[in-house]
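Sequence and predicted model, in that order:
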Amino acid sequence: MALRRSDFLKGLGLGWLGLVLAPFKARAAPRVVPKPKQVWEAVEFDFEKNGETFPGYALRLPDASGAPGDVLSVCRLCPHERCTFGFETNFEAVGRMTGAQIANPVFFCRCHMSVFDPSKQAAVVSGPAPRGAWRFTHEDKGTQLLITSLEDGAGTIK
């Protein structure tokens, strides 16, 4: 079992130092990932925040003409019970399984059948998930994305 920093400092009689340094603790390190090029291309990545790993997808959406448009980056943990969801291009089959009316690839949690529509900013369109997928913030760096943060409360089940 790993020794936590706070326990180490307490052992040295320096527990107060943890309180002083807490505001300076690294919360999340930016992560560079390849930017998806093609419409409906998804790139998987992991993001570290507060010592926890959050799996994610960066997904290239189509613009109004169907050409490559913006990139959406979401956390792959389902807000229902933290199962890891996938990206499904066979959306017709997902629609038949869930009864959802969908017309494009979706994020689909097989644990409890929640469906998230990337064309609607990953809003939940079917299933027990209480909200849409948690979102990452990213910066476009040409052929790469710099994943800079994760939505507050991500990973927390209420």
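Cool, got the structure. These numbers were taken from a predicted model, which means no experiment stands behind them.

what does the longest strand that the chain contains rub up against?
Assignment by DSSP state E gives strand 52-62 as the longest strand of the chain. For strand 52-62, contacts defined as Cβ atoms under 8 Å, 6 or more residues apart in numbering pick out 33, 35-48, 68-77, 84, 87, 107, 118-119, 136, 138, 145, 147, 150, 154-155. For every residue, glycine as well, the C-beta is placed using N, CA and C.

Secondary structure element for R96, which one?
Assigning secondary structure by DSSP states H and E places R96 in helix 91-98.

That helix - contacts with which helices or strands?
Helix 91-98 sits against strand 106-109, with contacts defined as 3 or more Cβ pairs under 8 Å, 6 or more residues apart in numbering; DSSP states H and E.

Beyond the strand it packs on, next helix or strand please.
Following strand 106-109 in sequence, per DSSP H and E, is strand 114-117.

The lowest-mean-pLDDT helix or strand in the chain: what's the following helix or strand?
In the chain, the helix or strand scored least confidently by mean pLDDT, DSSP states H and E is helix 15-21, which has a mean of 48. Using DSSP H and E, the helix or strand that follows helix 15-21 in sequence is strand 31-34.

Go ahead and name everything in contact with that next one.
By Cβ under 8 Å, 6+ apart, the surrounding residues in contact with strand 31-34 are 43, 45-48, 58, 141, 143-147.

Flag the shaky bits of this protein, pLDDT-wise.
Along the chain, segments meeting pLDDT under 70 span 1-27.

who touches the residue nearest the centre of it in this structure?
With the centre of the chain defined as its mean C-alpha position, the nearest residue by Cα atoms, centre = their mean is C75, 1.0 Å away. The contact partners of C75, taken as Cβ under 8 Å, 6+ apart, are 47, 54-56, 133-136, 150-151, 154-155.

That one and L145: what is the separation?
14 Å (Cβ to Cβ, to the nearest Å).

Equivalent analysis for S65, please.
Counting by Cβ to Cβ, the gap between S65 and L145 amounts to 22 Å.

H112 now?
Taking Cβ to Cβ as the criterion, H112 is separated from L145 by 29 Å.

who's more crowded, these two?
Regarding H112 and L145, a neighbour count based on other Cβ atoms under 10 Å identifies L145 as having more, with 23 against 12.

gap between that one and G99?
When distance is defined by Cβ to Cβ, L145 is 34 Å away from G99.

Check D152 too.
Applying Cβ to Cβ, one obtains 32 Å for the distance of D152 from G99.
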